[in-house]
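Novice: quick one, structure for this:
(chains A and B)
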Protein chains: 2
Amino acid sequence: MLPTCPLCDKLNRLHELPADELVWQFPHSVAFLGPWQFYTGYCVLVARQHYPELHVMPSSQRAVFLDEMVVLTQAIDFAFQPRKMNLESLGNQVAHLHWHLFPRRADDPETRKAVWIALDRAERDEAEKQRLQAASLARTEIASRIRAALNQMAAPTP
Amino acid sequence: MLPTCPLCDKLNRLHELPADELVWQFPHSVAFLGPWQFYTGYCVLVARQHYPELHVMPSSQRAVFLDEMVVLTQAIDFAFQPRKMNLESLGNQVAHLHWHLFPRRADDPETRKAVWIALDRAERDEAEKQRLQAASLARTEIASRIRAALNQMAAPTP
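Specialist: Residues are numbered from 1 along each chain as shown, chains lettered A, B, ... in the order given. All right, here's what the predicted structure looks like:
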């Protein structure tokens, strides 16, 4: 834990989060429902331990962490059947290892572009910000569909 | 191989590529030096087999493929010591599994933003396109530094 890191701080205060934000707790990471629910199911998966880069995480831990990322991707894909999944680990603003998992809708007017073009506009344009935060379903419903998919995947096949 | 996929096609024509573009051949992927060498060391790592998404790749193959991605990231980091590595698997334009590995320079004027903001400008602005394609080193030198780092990492420790 790094005292100045906002993601370490968030991980320390999971009990304070609204129920629709905390989606799932994995052994090595925690999944949060992200703010931009125009991309229905958008999650941020945060590593429990503070590492600035994926490649400095110890390899045994990394393998499990990446499996968790893939499982969450699969659950989002199952729950919302997007046209495409976008997986991004940037950390340009907060260098604590995390994945942005953006499901891309088929009716996105900018389907060929990265989401950051629209999110950059949202920084200057309040209407655009609201469009990208608005969800077609309630946030609690989105979170619960992802959890249902994860539970189904975890269930033993008969 | 998908006959209509431009990345399948590229993998079929590796022998036709310039020496500075083909950086490394891994068992499950091939590393290419990308066009935007303002981000010195930027590589695109393409899965040898055609999968539209990471999570549909069989898990044993996926584990090796992700290790290759991490090893390449490490080599780029070692060779150019960027401020931050950005790892992105999008596939919005070509849905054949690949990673964009963007090393972010400390002197990038847009260090807090995703690279796609600048790359989107480059689509409309020829000067911006040239700025982002220009490399501070020759492309052959960039490719050879990444290969040297990979060779060093592969060498047994004495």
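Novice: A:Met1 contacts A:His50, doesn't it?
Specialist: Yes - counting by C-beta atoms under 8 Å, A:His50 is a contact partner of A:Met1 at 6.2 Å. To be clear about C-beta, it is placed using only N, CA and C from the backbone, and glycine gets the same treatment.
Novice: who has more neighbours, those two?
Specialist: A:His50 (15 against 12; other C-beta atoms under 10 Å in any protein chain shown).
Novice: and the gap between that one and B:Tyr51?
Specialist: 32 Å (C-beta to C-beta, to the nearest Å).
Novice: then A:Ala154?
Specialist: For A:Ala154, the distance to B:Tyr51 equals 23 Å [C-beta to C-beta].
Novice: for those two, indicate the residue with more neighbours.
Specialist: For A:Ala154 versus B:Tyr51, the count of surrounding residues by other C-beta under 10 Å is larger for B:Tyr51: 17 against 9.
Novice: ok, the longest helix seen in chain A near chain B or not?
Specialist: When chain A is parsed with DSSP state H, its longest helix is helix A:59-80. Yes - using C-beta under 8 Å from any C-beta of the partner chain, helix A:59-80 comes into contact with chain B via A:Ser59, A:Arg62, A:Ala63, A:Leu66, A:Val70, A:Thr73, A:Gln74, A:Asp77.
Novice: save those as JSON lines, and put in pLDDT, neighbour count and distance to A:Glu123 too.
Specialist: Compiled in JSON lines, the residues of helix A:59-80 next to chain B are given as follows (pLDDT from 0 to 100; neighbours: other C-beta atoms under 10 Å in any protein chain shown; distance: C-beta to C-beta, whole Å):
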{"residue": "A:Ser59", "pLDDT": "95", "neighbour count": "9", "distance to A:Glu123": "37"}
{"residue": "A:Arg62", "pLDDT": "98", "neighbour count": "20", "distance to A:Glu123": "32"}
{"residue": "A:Ala63", "pLDDT": "97", "neighbour count": "16", "distance to A:Glu123": "36"}
{"residue": "A:Leu66", "pLDDT": "98", "neighbour count": "22", "distance to A:Glu123": "30"}
{"residue": "A:Val70", "pLDDT": "98", "neighbour count": "19", "distance to A:Glu123": "31"}
{"residue": "A:Thr73", "pLDDT": "98", "neighbour count": "23", "distance to A:Glu123": "27"}
{"residue": "A:Gln74", "pLDDT": "98", "neighbour count": "18", "distance to A:Glu123": "31"}
{"residue": "A:Asp77", "pLDDT": "98", "neighbour count": "19", "distance to A:Glu123": "28"}
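Novice: farthest-separated two in those residues?
Specialist: Farthest pair in those (C-beta to C-beta) is A:Ser59 and A:Asp77. Separation: 26.4 Å.
Novice: what parts of chain A come near chain B?
Specialist: Proximity of chain A to chain B, by C-beta under 8 Å from any C-beta, involves residues A:52-55, A:59, A:62-63, A:66, A:70, A:73-74, A:77, A:84-93, A:95, A:104, A:111-114, A:116-117, A:120.
Novice: can we see that at 7 Å?
Specialist: A:53-55, A:62-63, A:66, A:70, A:73-74, A:77, A:84-93, A:95, A:104, A:111-114, A:116-117, A:120 (C-beta under 7 Å from any C-beta of the partner chain).
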